[in-house]
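> only geometry, no sequence info:
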């Protein structure tokens with residue numbers, strides 16, 4: 001049977017209009033989602049954000065990385081190479097330099113702390129990333145987390161610990177994570193980032209920084225784990241990673257005060273409780289004795 005189209009049929013015109021409008025609506029929604037997914041990198045590479053990042057790196061007075069470039073020398077280099085640098089980041093060609101290994105003695109004399117000093121250009125890019133990620137993750141962090149967060153300090157954490165002691169929390173568990181920054185699981189961390197970051201280019205760039213390697217005694221060593229202290233992004237990544245621990249403890253009724261990788265826990269008012277804590281796919285074991 002031959003289909004017959006009758007011009008001016010109200011029902012058919014209405015159906016066709018609804019179908020067209022629905023298709024346009026879906027297309028607009030998908031376009032907005034694509035724009036939103038790709039918007040974060042553009043905010044990171046925004047001129048004002050990069051200028052703020054440069055000024056912060058300059059205020060920190062950091063040492064040069066493996067290329068020997070100082071903060072003062074970076075400004076004319078950036079003026080000349082800015083467009084190429086930003087385009088290489090946008091299209092995924094940018095490769096961060098390995099960090100320069102530097103060891104400093106720990107304040108308590110228990111050994112040395114291994115730092116990884118990125119180049120000045122990499123520090124500026126990392127700082128630009130951190131400035132945009134901090135507001136994204138800050139609302140997700142536990143109220144008991146005090147390290148490397150705006151408006152929070154070690155002194156505030158100490159005062160909170162004292163306040164809990166005065167309230168009658170007589171037993172506490174102190175946790176010091178050995179070599180924490182050097183042993184972060186990259187895949188676990190990246191999975192946590194992907195939950196909040198839609199722009200794949202940003203997570204890919206962070207992965208490149210995690211995998212950029214360490215230059216030690218003239219030899220480049222691969223980095224399969226860890227986020228070396230010394231770069232502006234590492235403190236934020238460490239907080240994102242340990243936030244899983246904070247939230248897990250909170251869900252189990254354990255009060256936690258944490259400053260970076262220094263942690264104090266109060267399992268309860270009835271004395272210490274021993275057990276296995278398993279947040280973020282990693283086993284945390286505590287052995288507690290009443291004192």
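Sure, I can see it. All values derive from a computational prediction rather than experimental measurement.
> residues contacting the most centrally placed residue in the chain?
The centroid of the chain falls nearest to residue 237 when counting by Cα atoms, centre = their mean (3.2 Å). Residues near residue 237 by Cβ atoms under 8 Å, 6 or more residues apart in numbering: 184, 189, 206, 227. Just so you know, the C-beta spots here come from the backbone N, C-alpha and C atoms, and that holds for glycine as well.
> Quick check: pLDDT value at residue 17.
Looking at residue 17, its pLDDT reads 49.
> pLDDT score assigned to residue 114?
Model confidence at residue 114 (pLDDT) stands at 84.
> Can you get me a residue count around it?
If you count neighbours by other Cβ atoms under 10 Å, residue 114 ends up with 18.
> Name the nearest residue to it, sequence neighbours excluded.
residue 103 (5.6 Å; Cβ to Cβ, 6 or more residues apart in numbering).
> and that neighbour, which of the three is it?
Following DSSP: H, G, I helix; E, B strand; the rest coil, the label given to residue 103 is strand.
> I figured it was touching residue 112, is that so?
Yes - with contact defined as Cβ atoms under 8 Å, residue 103 counts as touching residue 112 (4.3 Å).
> And the helices in the stretch 1-150 of the chain, which stretches?
Shown for the stretch 1-150 of the chain, the helices assigned by DSSP state H, counting those that start in this stretch span residues 10-37, 39-44, 47-60, 71-90, 120-137.
> Would you enumerate the residues in contact with residue 62?
Counting by Cβ under 8 Å, 6+ apart, residue 62 has contacts 71, 117, 120, 123.
> hey, what's the second one bridged with?
On DSSP bridges, the residues paired with residue 117 through beta bridges are residue 100.
> host element of the residue nearest to the centre of the chain?
Residue 237 belongs to helix 234-251 when assigned by DSSP states H and E.
> Following element in sequence after that helix, please.
In N-to-C order, the element after helix 234-251 by DSSP H and E is strand 255-259.
> Mean confidence (pLDDT) on that next one, please.
Averaging the model's pLDDT scores along strand 255-259 yields 94.
> Can you tell me what sits against that strand?
By Cβ under 8 Å, 6+ apart, strand 255-259 touches 142, 144-147, 154, 157, 160-161, 164, 169, 242, 245-246, 249-250, 263-266.
> how about the strands in the stretch 151-291 of the chain?
173-176, 214-216, 219-221, 255-259, 262-266, 275-277, 284-286 (DSSP state E, counting those that start in this stretch).
> Sort out which residues of the fourth one are buried, please.
For strand 255-259, a neighbour-count test (16 or more other Cβ atoms under 10 Å) marks 255, 256, 257, 258, 259 as buried.
> can you give me how far stretch 213-233 is from the chain middle?
17 Å (Cα atoms, centre = their mean, to the nearest Å).
> on that earlier part again, identify, from the contacts of residue 237, the entry nearest to residue 130.
Comparing the contacts of residue 237 against residue 130 with Cβ to Cβ places residue 206 closest, at 10.2 Å.
> Tell me where this protein is predicted with low confidence.
Along the chain, the parts satisfying pLDDT under 70 run over 1-38, 268-291.
> Number of residues surrounding residue 243?
Each residue near residue 243 was counted by other Cβ under 10 Å, and the total is 19.
> Please list all residues in contact with it.
Counted by Cβ under 8 Å, 6+ apart, residue 243 has contacts 137, 140, 141, 142, 145, 192.
> how many neighbours does the nearest residue to residue 58 once chain neighbours are set aside have?
Leaving aside its chain neighbours, residue 58 sits nearest to residue 71 (5.0 Å; criterion: Cβ to Cβ, 6+ apart). Residue 71 has 18 neighbours, counted by other Cβ under 10 Å.
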